[in-house]
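1. with the sequence up front, the predicted model follows.
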Amino acid sequence: MKDDLLAAGPVEWFLILSSVLFARIVPRKMVNANVFAAFWIGDRLFNRSGLRHYMDRFYSLPAEEIDVKFAEKRMERFA
C-alpha cells in the first residue's frame, strides 16, 4: 500500500487529499461504515486501498450496510 501511494505521484496525492478535505468540510451523518471510512481516509483512498473491497468480502456486506457503531468499535484500537 505504501509503495503504491508513493508511486501514485503528485496528481493522485492531490486527489486523495482533496477527497479527505471534502469529507471533513462537508461532513455527512455517520450512519454506516462507508461514511465513517470516507471521513477518516477519504472516499478515494477508501476505494484505492482496497478497504471497501475487504469489507465487502470479509463481512459479506457492502460498507453502506455495516453499522457505524460496529465500524467505530473495530477502528477503536487504531485511534
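-> Alright, I've got the coordinates. Source: prediction; values computed, not measured.

2. what does Val31 show for phi and psi?
-> phi -120, psi -20 (degrees, to the nearest 10).

3. for it, give its distance to Trp40.
-> Distance, Val31 to Trp40, by C-beta to C-beta, to the nearest Å: 15 Å. Where C-beta positions appear, they are placed from N, C-alpha and C, glycine not excepted.

4. the more surrounded of the two?
-> Trp40 (16 against 11; other C-beta atoms under 10 Å).

5. what's the pLDDT at that one?
-> Trp40 carries a pLDDT value of 92.

6. residues making contact with the one helix or strand it maps to?
-> Assigned by DSSP states H and E, Trp40 belongs to helix 33-41. Applying C-beta atoms under 8 Å, 6 or more residues apart in numbering, the external contacts of helix 33-41 come out as 19-20, 23-24, 27-30, 46, 49, 51-52, 55, 62-64, 66-68, 70-72, 75.

7. which strands and helices lie in contact with the one helix or strand Leu5 maps to?
-> Using DSSP H and E, the element containing Leu5 is helix 2-8. When contacts are defined as 3 or more C-beta pairs under 8 Å, 6 or more residues apart in numbering; DSSP states H and E, helix 2-8 packs onto helix 10-25.
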